[in-house]
Each structure stands twice: as structure tokens, then as C-alpha cells.
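S.K.: Below are the sequence and a predicted model; questions follow.
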Amino acid sequence: MENRELKRVFDQVKLFPERQEAMLERLLSGERSGKTVKPMKKMVAVLVAAALMLMACAFTVATGLDQRIVEYFKGEPKDASLMSAGIVPVEQSHTYDNGWTVKIKQVLMDRNSIATLVELTAPEGIVPELEYRIFDMEPTITSAHGEELLLGGMPRGIPLEDPDPEDNQATILWSYDVLLGVEEMWGGSFTLTPRQFFWSTKEGPVQFSDGWSCTGTLPTEDAGLLYQMDEPFSLEGKELGLKSIYISPIRFVFTLEACDPTMDTLHEERGSVSLTLEDGSIVKMEEGIYSASADQTGETDDCRIQFQPEKLVDPENVTAVTLYGQTFSLNGLQPVTE
């Protein structure tokens, strides 16, 4: 197949330009290096590559999700409906007086987390260091009745794969664990205000201080399921209580009564937390994506433990949860409706 034919095939597939170019370059590299590649073998490689990209494109179209969010949460085409419920397309950008541009692409939400795809563009000549990209943003959630909701949260910025680490752009998946859980958010609105971006070990952070904010409307329903448990639960010889469990495609959260969030077991035995699916398979938790917090209202001594599953899950397919060696069945339980 001639080079121009390869390019024509790739032109039919709408994916990120840099990924198209990289894959096309790999397919053409054999010919450029002088290696002999059988025509049929090359044709098969091209068709397989095109088919894979079309599947990825179809996933994104079906869910409304940017492919980079899909990849981070390890989504597959069959999971399209799981992801679509919490997605909010945004596509709002602002260029500051300092020459930096912040673009908020998409927001993915459930009652316990906010995941936001952010693209940053520096002035020409500035290259954000690949190993040092920390983005800070302030979220505000307002209910459908106009009431600002108390969040209390733990932010984290995840630098995503950079196809060209030498250019002036960076992509961040900014994630915010809502420590209290937000029950009245559905149908409300959100405001995201960029604050600063640490991009260099030699320079101070760039400040975003002119007051620009990104706004949008929240989903009308939760993609997750909340179960009221009220089960006895023991940990480190102490009698606690398993109050509730929440499972969404991207989060697993449980609330313990009479719990100290600094207990060693909560932090040292995270590998013993998992979900059991209908087919008997086990979904473990993503290493390092974790938070434990006390009830910040001061009204109870509850603590909330949050995890990110190692892959997307269908909450309706979860039949049991295992917490630090203790397993609780969900069979026969009805999720809480609000």
C-alpha cells in the first residue's frame, strides 16, 4: 500500500492528530528503514490499526467522553453507558494576562468525586516539565435551589500522557474527592476556578488570578448506587459499624461509625479491599488513589474511606464487597433512592 493510501485510510478516522501521526509513522517506518514488509502483512496491520481507532472513536461518540478520560479509567466500548450518566461537556477556555491559556474540556462526576480534563497552554518558549505538573483549582457546587453546598475535599492532579513533552502544552486530569458526599447536587450547577499551576522545579507557580471561572450544569441523576448497611464491623479489636456503601463506575466509598481515620489498618491494608462481581471475578482498588477522612461537620464520629477501582465497574453487577478481610453481601439489598 502506498504512503498516500495509508494517509487516506487514516484521514477517515477522527482521533487525536498526534496519535494518528504516531501510529501512521510506525506503520511506515518499516518501509523507510529499508526493511521488507509483505504487502498482505502491511495491509492487515493498517486495517487492524484503523479498526482499533474506529472503536475508540465510537466509544467516545457513544459516551460523550474524551478518549483520554476513558483511557485513564480503563474504559472499554461495552462500558459506554456506565460513563455517559456523569459526563458534562464544557469546552470553556480563558487566556490570562500572563499569556497562559486554561481550557476546561469535560467534567465527570458522581456524588463523591469530580474529575475534570484540563488543557494548559503556556506562552511560546515555555515547556512545562513532564515530571512536575501540579494544577490547583477551586470547585463550588450549588444545588438546584441555589444553595451553595459544603464540599470539604481532597484534590489531586494527574498529568496525562503527553505525545509531545517538548511543546508548550500540558494535559491534567484534575480530580477532587468530595469527602462529605453531595446528596443534593443533582440538577444543580458547578463553578471551577483555576488558581495556579506548578510547572517547573526552577520557577515558581504560574498564578491564575483575574477571577475567571468555568461554569456548567450538573447531571440530573447519580451514576452510582448507595446502600444503607448498618452492619457490625470490627477493626484492630475495636467494634465499629459499617454504615453505608457507595459504588459508582469510578469510585468505591464506605462509611464507618466510631472510626478514627488515622487507624493503621485503613492505610496499610488497602490491598484487602475489593469488589466481587456477578461472574465471580474480583475487582481490586487502584494503588495510590485513596483517601480517609473524618466527618467534617462535627456531628458524628464517622469516617469515609474512598477508593478508585482498578477498572470501570457496573454498580449493578457488584454482589459483595470485601473490607479488610470482612465480606458483606449486597444480594437482596435495595439501593437508597432520593
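M.R.: That came in fine, so what should we check first?
S.K.: so where is the stretch 51-200 of the chain shaky, pLDDT-wise?
M.R.: Along the stretch 51-200 of the chain, segments meeting pLDDT under 70 span 51-64, 77, 80, 179-183.
S.K.: Repeat the analysis, applying 90 as the threshold.
M.R.: Along the stretch 51-200 of the chain, the parts satisfying pLDDT under 90 run over 51-87, 109-114, 130-132, 141, 143-158, 161, 163, 175-188.
S.K.: buried stuff in stretch 190-204?
M.R.: Going by neighbour count (16 or more other C-beta atoms under 10 Å), the buried part of stretch 190-204 is 190, 192, 194, 197, 198, 199. To be clear about C-beta, it is placed using only N, CA and C from the backbone, and glycine gets the same treatment.
S.K.: Then stretch 89-109?
M.R.: 90, 94, 100, 102, 103, 104, 105, 106, 107, 108, 109.
S.K.: Any idea how far apart the tips of it sit?
M.R.: End-to-end distance for stretch 89-109, by C-alpha to C-alpha, to the nearest Å: 11 Å.
S.K.: now that stretch: how far from the chain's centre is it?
M.R.: 17 Å (C-alpha atoms, centre = their mean, to the nearest Å).
S.K.: Give me the residues contacting that stretch.
M.R.: Outside of stretch 89-109, the residues within contact range by C-beta atoms under 8 Å, 6 or more residues apart in numbering are 64-66, 69, 83, 86-88, 114-123, 185, 190, 192, 194, 197, 206-208, 210, 212, 214-216, 218-219, 250.
S.K.: Same check on stretch 226-246?
M.R.: For stretch 226-246, contacts defined as C-beta under 8 Å, 6+ apart pick out 111-112, 181, 224-225, 247, 252-259, 263-266, 302, 321, 323-324, 326, 328, 330, 333, 335-336.
S.K.: Where helices are concerned, which of those count?
M.R.: Assigned to helices by DSSP state H, the following of the contacts of stretch 226-246 qualify: 264, 265, 266.
S.K.: Show me which of those residues are buried.
M.R.: In the ones in helices among the contacts of stretch 226-246, burial by neighbour count holds for residue 266, counting by 16+ other C-beta under 10 Å.
S.K.: So which residues of the protein form helices?
M.R.: Using DSSP H, helices in the chain cover 3-11, 17-32, 39-63, 67-72, 80-84, 264-268.
S.K.: How is this structure partitioned into domains?
M.R.: Domain segmentation of the chain under automatic domain parsing yields 3-63, 79-217, 225-329.
S.K.: Quick check: which of these is nearest to residue 73?
M.R.: Ranking the domains of the chain by distance to residue 73, with C-beta to C-beta as the measure, places domain 225-329 first at 5.5 Å.
S.K.: how far out from the middle of the chain is the closest one?
M.R.: 19 Å.
S.K.: rounded to a whole number, what's the mean pLDDT of it?
M.R.: Domain 225-329 shows a mean pLDDT of 88.
S.K.: mind listing what the most centrally placed residue in the chain touches?
M.R.: Central residue of the chain (C-alpha atoms, centre = their mean): residue 115, 4.9 Å from the mean position. Going by C-beta under 8 Å, 6+ apart, residue 115 touches 69, 107, 108, 109, 173, 174, 175, 176, 250.
S.K.: mind redoing it with 6 Å?
M.R.: 108, 175 (C-beta atoms under 6 Å, 6 or more residues apart in numbering).
S.K.: is it in a bridge, and if so with what?
M.R.: Using DSSP bridges, the beta-bridge partners of residue 115 come out as residue 108, residue 175.
S.K.: Over to residue 277?
M.R.: Counting by DSSP bridges, residue 277 is bridged to residue 318.
S.K.: Surely it and residue 317 touch.
M.R.: Yes. Look at residue 277 against residue 317 with C-beta atoms under 6 Å: they come within range, at 5.0 Å.
S.K.: rewinding a little: any chance of the domains of the chain in a markdown table, plus distance to residue 73?
M.R.: Output for the domains of the chain, formatted as a markdown table (distance: least, C-beta to C-beta, whole Å):
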| stretch | distance to residue 73 |
| --- | --- |
| domain 3-63 | 11 |
| domain 79-217 | 8 |
| domain 225-329 | 5 |
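S.K.: okay but residue 194 is in contact with residue 137, surely?
M.R.: Yes. Between residue 194 and residue 137 a contact is recorded at 5.2 Å, counting by C-beta under 6 Å.
S.K.: ok, back up a step: most widely separated two among the buried residues of stretch 89-109?
M.R.: 100 and 109 (25.7 Å).
S.K.: re earlier: pick out whichever of the buried residues of stretch 89-109 sits closest to residue 287.
M.R.: Using C-beta to C-beta, the buried residues of stretch 89-109 come closest to residue 287 at residue 108, 20.8 Å.
S.K.: Skipping adjacent residues, who's closest to residue 252 in space?
M.R.: In this structure, residue 252 finds its nearest non-sequential neighbour in residue 307, 4.7 Å apart by C-beta to C-beta, 6 or more residues apart in numbering.
S.K.: Neighbours of that neighbour, how many?
M.R.: 20 (other C-beta atoms under 10 Å).
S.K.: sorry, back to before: the contacts of stretch 226-246, buried ones only, as a ChimeraX selection?
M.R.: In ChimeraX syntax, the buried subset of these is picked out as below (16+ other C-beta under 10 Å):
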select :111,112,181,224,225,247,252,253,254,255,256,257,259,263,266,302,321,323,324,328,330,335
